[in-house]
Structure formats: structure tokens, C-alpha cells
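[1] Based on what follows, work out the 3D shape:
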Amino acid sequence: MRSQLLRSSFGCLLTVFGPFPASCINKAVRQTAAAVPHSYYPRKTMHYQTEQRGHPNSPDYRIYFSKFISAMMNGPHITVFIASFSQIATKEPLNPIKQDVKKGKLRYVANIFPHKGYIWNYGALPQTWEDPSHKDKETDCCGDNDPIDVCDIGTQVCSPGQVIQVKVLGILAMIDEGEMDWKVIAINANDEDAEKLNCIEDVRKSRPGHLEATVEWFRKYKVPDGKPENQFGFNGEFKDKDFAVEIIKSTHEHWRALVQKQTNAGGIECKNMSCCNSPFQFSADEARAVVQSAPAFGSAHPVSAEVDKWHFV
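    Numbers count the residues shown, from 1 in each chain. Below you'll find the model as predicted:
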């Protein structure tokens with residue numbers, strides 16, 4: 001009964017850390033499903049507030065969740081979304097959202113012609129973990145040490161820190177520099193198109209070219225940084241929602257082992273306030289001190305003109 005419910009109506013609550021403007025945050029936020037078996041079932045959406053610290057468009061900028069919920073170790077039914085090269089700071093307490101940095105400089109998603117920034121709301125499923133010690137039997141690649149990324153193809157642009165419920169439609173097996181980096185295709189459950197999109201073939205029929213554009217976007221988005229094109233398992237074909245749910249369940253089990261200290265943490269900061277029986281739990285006072293130690297929220301720094309450059313690759 002449980003697996004049938006998962007197959008027919010899998011729902012996740014997502015937090016959207018973006019889309020920040022194409023000029024802001026980069027890389028994807030990650031995590032999923034729940035710490036207890038029944039948490040895979042659809043639940044009533046909960047409301048989460050965020051607290052900004054530091055200066056937007058600077059290395060010290062962070063977004064924390066209210067009530068000191070970790071963006072990676074959070075409670076049973078949050079899914080984290082983000083855009084524009086933001087990322088979950090997996091090696092910091094409470095795993096806040098931050099601007100991605102490369103070689104001391106802020107990183108922004110490149111505008112690969114004809115696309116301006118991301119082409120969907122880009123984020124991740126909380127309480128999932130792509131274990132770098134686990135080799136996928138289909139692709140023979142190990143996980144990338146992050147939560148699973150999600151592409152919400154809904155019609156509404158989401159805002160940073162937003163939590164939404166999504167319907168899983170399929171999944172793409174991207175291989176990023178030899179690491180397994182799954183991309184779940186989903187739609188906001190409250191979207192005007194959610195009722196008519198129930199599988200990956202529905203997406204193909206109702207939105208001609210969107211799936212092909214998704215593959216091309218992921219194939220080329222790191223090329224402007226001097227990196228090779230990304231590769232894909234299954235010849236770049238999308239797998240269906242049943243396959244996607246099995247991957248989500250598997251990475252949730254890896255996350256459970258992580259938060260229960262049953263596996264190597266891979267450098268991830270696992271301190272949390274909400275995971276039952278986790279040896280990494282800490283107090284509200286300790287969590288509050290983490291947030292308050294971050295720089296106070298201030299005015300945004302200017303954004304580099306590089307973010308508006310077109311790349312033709």
C-alpha cells in the first residue's frame with residue numbers, strides 16, 4: 001500500500017531559494033522526503049519564514065530558516081528549491097542557503113543562448129543525499145555528496161526560501177565530471193497545469209521542446225567556466241515517475257544513514273534540531289547562536305556586469 005501511494009501521488013514540500021535574478025545565487029540546493037516512512041505521503045503545506053544575514057551579492061550572504069530549521073537536515077516534509085547558482089552550505093551549521101563561490105569570486109549561472117539563466121525553478125529535495133560512496137548500478141557512477149536537484153516546471157516564478165509542494169513527473173540521469181547528479185522533473189502541485197501533467201510524456205506533449213532544452217541546458221551550462229560538457233545516463237532519455245520515486249526513496253535512505261551517523265558524513269555538517277534520535281541534534285540556543293554569529297543583514301553589493309553576458313556554445 002505504501003509503495004502504491006508513493007507511485008500514484010508522491011508529493012514533496014519544496015523550499016525555493018530562487019529564482020534569484022539570473023544575476024544572483026548559483027548552483028542547486030538539495031534535500032528531500034521525510035525522516036519517517038509515512039512522511040512520503042502528501043501533507044498540508046507548512047509555512048516557513050526565512051532570515052537573511054549578510055549582504056546580498058556578497059560571499060557573506062546567507063538565508064536561514066525560521067525556528068532554526070536546517071536547509072539540509074530539516075523536518076519531515078520540506079523540499080528546498082533555489083536558483084541562480086545559490087547552494088545549500090552543506091558544510092556549515094544549519095546548512096543555510098548561500099551564494100556559490102569559485103576561486104574567491106561569486107559564481108553566477110551563465111546565460112547560454114538562447115536561455116537567460118535557468119529555464120525552470122531550480123532547487124532540491126530536503127532529506128535526500130547522493131552518497132559519494134554509493135555507486136549507481138545503472139550508470140556506474142557515485143553520488144555527488146549533495147541532495148537531489150529538482151526542476152520545477154510550473155508557470156509561476158518562485159522566490160528565495162519559498163516552500164512548495166510538488167508532483168514528481170520524471171528524472172534525468174546527469175553525470176557531472178564523473179559524479180551522479182540526478183535531476184528530478186516536477187511541477188508545483190498548486191500550478192494551473194498540475195492536474196494535466198502526470199508523467200514525463202505529458203510534459204513532452206504539452207510543452208514541445210522543453211525536455212530537449214533541459215538536456216541541452218544541463219549539457220552546456222558549465223562550458224563557459226572552462227569545463228567539459230556534462231554527460232548523461234540512459235543516452236540522455238528521461239526516466240518515468242516510478243523510476244524517479246525509487247531514486248528519491250534510495251537517496252532518502254542514504255540521508256537517513258547520514259543523519260544517524262551510520263556512514264561517513266563526507267564533510268557535511270549534520271547538526272540539526274528536528275531529526276528524531278539523531279546524534280547530531282543540538283539545542284535551540286546553540287542554533288540561535290549560529291544565526292546570530294552571522295553578519296547582520298545589510299544593503300546589497302553591486303552585481304558584476306558578467307552576469308548579463310551571453311555565451312554562445
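[2] From here on, just use CA atoms for contacts and neighbour counts.
    Noted.
[3] List the buried residues for the helix or strand harbouring His252?
    For His252, the element it lies in under DSSP states H and E is helix 241-259. Neighbour-count burial for helix 241-259 flags 241-242, 244-245, 247-259 (criterion: 16 or more other CA atoms under 10 Å).
[4] continuing past that helix, what's the next helix or strand?
    Counting by DSSP H and E, the next helix or strand C-terminal to helix 241-259 is helix 284-293.
[5] any idea which helix or strand comes after that next one?
    Toward the C-terminus, helix 284-293 is succeeded by strand 310-311 as the next helix or strand (DSSP H and E).
[6] Below-threshold pLDDT in the stretch 201-313 of the chain: ranges please.
    Of all residues in the stretch 201-313 of the chain, none has pLDDT under 70.
[7] longest single strand anywhere in the protein?
    strand 162-176 (DSSP state E).
[8] strand partners of that strand, parallel vs antiparallel please.
    Paired strands of strand 162-176, with direction, are strand 11-16 (antiparallel), strand 179-188 (antiparallel), strand 231-232 (antiparallel), strand 239-240 (antiparallel) (DSSP bridges).
[9] Compile the ones you listed into CSV and extend it with columns for mean neighbour count and distance to Phe113.
    Compiled in CSV, those are given as follows (neighbours: other CA atoms under 10 Å; distance: least, CA to CA, whole Å):
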stretch, mean neighbour count, distance to Phe113
strand 11-16, 28, 25
strand 179-188, 26, 21
strand 231-232, 20, 20
strand 239-240, 18, 27
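[10] Does Pro56 touch Ser299 like I think?
    Yes. Pro56 lies in contact with Ser299 (CA atoms under 8 Å); the separation is 7.0 Å.
[11] These two: which has the busier surroundings?
    Per other CA atoms under 10 Å, whichever of Pro56 and Ser299 has more neighbours is Pro56, with 22 against 10.
[12] how about the strands in the stretch 1-150 of the chain?
    With DSSP state E, counting those that start in this stretch applied, the stretch 1-150 of the chain shows strands at 11-16, 50-53, 62-65, 80-81, 86-88, 97-99, 101-102, 105-106, 111-112, 121-125, 142-143, 148-152, listed in chain order.
[13] of those strands, which approaches Met180 most closely?
    strand 142-143 (4.7 Å; CA to CA).
[14] Run the chain-centre distance for that closest one.
    Centroid separation for strand 142-143 versus its chain: 16 Å, with CA atoms, centre = their mean, to the nearest Å.
[15] Show residues contacting that strand.
    Outside of strand 142-143, the residues within contact range by CA atoms under 8 Å, 6 or more residues apart in numbering are Glu130, Asp131, Pro132, Ser133, His134, Lys135, Asp136, Gly178, Glu179, Met180, Asp181.
[16] Same list (the residues you listed) but as TSV, adding distance to Gln49.
    TSV is the format used below for these (distance: CA to CA, whole Å):
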residue	distance to Gln49
Glu130	27
Asp131	29
Pro132	32
Ser133	34
His134	34
Lys135	37
Asp136	36
Gly178	37
Glu179	33
Met180	32
Asp181	29
